[in-house]
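In: Dropping a prediction and its sequence here:
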Amino acid sequence: MSKILSVNAGSSSLKYQLYETPEFDVLASGQIERIGKEDAIVTITTNGDKHKKTVSVLDHQAAVATALEDILKYSEIESLDEIVGVGHRIVHGGEIFSESVKTTDKVVQDVEDLSQLAPLHNPANLTGYYEFKKALKSAEHVFVFDTAFHQTMEAKAFMYPLPYSYYEKYHVRKYGMHGTSHKYVANRTAELLGKNPKDVNIIVCHLGNGASLSAVKAGKVIDTSMGFTPLSGVMMGTRTGDVDPAVFPYLLEQTGLDPQELIDVYNKESGMLGVSDISNDARDIEEATEAGVPRAILTSEMYAYRIANFIGSYLIQLGRVDAIAFTAGIGEYDKGVRRRIIEIVSEALGIVFDYELNAKVRGVEVELSKPNSKTKVFIVPTDEELVIAQDTQRILGI
Ligand code: AMP
């Protein structure tokens, strides 16, 4: 039995889960939000008991110290030396990493260098790594990359039709995100179909506050909706997804905003929030849609329409779709979103959908299609933290 920590360090938050092998029982699960503030929110859940406090956590070093103190205080472990493996979520692995890896000086330097492709994320992920490395003397570390699973895309799918030199000089291409989730859900969906991943074609719809779709053929991603950054693809909670790129310079001129301010609007004030003027939370949009609020109805219709278009294009590239899997907050919990998407794509895919069941279930692994459905539909709750811990165990051999 060994204890493994799964870590997701963001710029102002730290999330972690402590597991015990071989069953991967969760011993503790916690998060620290508002790092850098006097009133950071610190929570830890152990054995179903949630402990919450508001304290000053001024930097990542303090966040890691707070997390480890809480783990010692509230979980069953007696010494931090019991934690022998730490898996870190790293957002960008560029073209270097197509698998999770054990950290070495070279690996860490490569991830540092890749910060130019993910300036907001990789440095924060690395800060988490540096602090846990200092604090946990007996642990070895593994990096698990959000981009890795998508590295199987062929050049015809990942290249943008820009001058080729921009790819060579500036590494501009499609990378994709949420790879850990896409990988887990695609493999699990193959299991639910009772098939080897090599024998099935699956479309994964990861619909959370950030959202991306992937087309997985024979266990390999052939295309995904996010691109060079997480801004592209489908409409999201606050992000635009795809918009004609020429709108950007036009809006700079019209609004008088500077490029950073406008890209902030694209990232933080658009999507469901921007169109509806109500909320970025799908629950609020669903409620307002049911109440007949016109802008909420438009938001819901746009959201489904744009996702359905990606499903359609993936159907063409895959030729045959064995299953569609819904995952992440919206995919797992929002019956209205699932219904609207399936209503659009069911005829083309030969889906016989169990609308009654869809309206009843939330957050559980379940098949939503009827036995005579040509393409099956599932909810497959994602568990990125668990995949990070499992990769850590496998790679470290602990
Ligand atoms: P995630 O990024 O995977 O944590 O997903 C977060 C999103 O899931 C939130 O923005 C909500 O819009 C959505 N969500 C969570 N719970 C529900 C629910 N019960 N019904 C509809 N949407 C939900």
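Out: In hand now; what should we look at?
In: Just the element for Leu386, please.
Out: According to DSSP states H and E, Leu386 maps onto helix 384-396.
In: Which positions in that helix come out as buried?
Out: Neighbour-count burial for helix 384-396 flags 384-393, 395-396 (criterion: 16 or more other CB atoms under 10 Å). Quick note: C-beta positions are derived from backbone N, CA and C, even for glycine.
In: Which members of the residues you listed are the farthest-apart pair?
Out: With distance counted by CB to CB, no two of the buried residues of helix 384-396 lie farther apart than Glu384 and Leu396, which are 18.4 Å apart.
In: in stretch 54-66, what's buried?
Out: Using 16+ other CB under 10 Å as the burial criterion, the residues of stretch 54-66 that qualify are 57, 60, 62-64, 66.
In: just checking, which of the residues you listed belong to helices?
Out: Applying DSSP state H to these, the entries found in helices are 60, 62-64, 66.
In: now, among the residues you listed, which is nearest to Leu117?
Out: Among those, His60 lies closest to Leu117 (CB to CB), at 21.0 Å.
In: Distance check, the closest one against Gly210.
Out: Counting by CB to CB, to the nearest Å, the gap from His60 to Gly210 is 22 Å.
In: when you check the ligand, which of the ones in helices among the buried residues of stretch 54-66 turn up near it?
Out: Among these, proximity to the ligand is found for none (CB under 6 Å from any ligand atom).
In: for these, which one is nearest the ligand?
Out: Distance to the ligand across these (CB to the nearest ligand atom) is lowest for Ala63, with 20.1 Å.
In: In terms of pLDDT, where does the closest one sit?
Out: Looking at Ala63, its pLDDT reads 97.
In: Please give me every residue in contact with it.
Out: Contacts here follow CB atoms under 8 Å, 6 or more residues apart in numbering; on that basis Ala63 touches 14, 32, 35, 40, 57, 131.
In: Mind telling me what element the residue in the stretch 1-150 of the chain that the ligand sits nearest to is part of?
Out: Using CB to the nearest ligand atom, the single residue of the stretch 1-150 of the chain nearest to the ligand is Lys15, 10.8 Å away. Using DSSP H and E, Lys15 maps to strand 13-20.
In: can you give me the strands for the chain?
Out: 3-9, 13-20, 25-33, 37-46, 49-57, 83-90, 101-102, 140-145, 201-207, 211-217, 220-224, 323-327, 366-367, 376-379 (DSSP state E).
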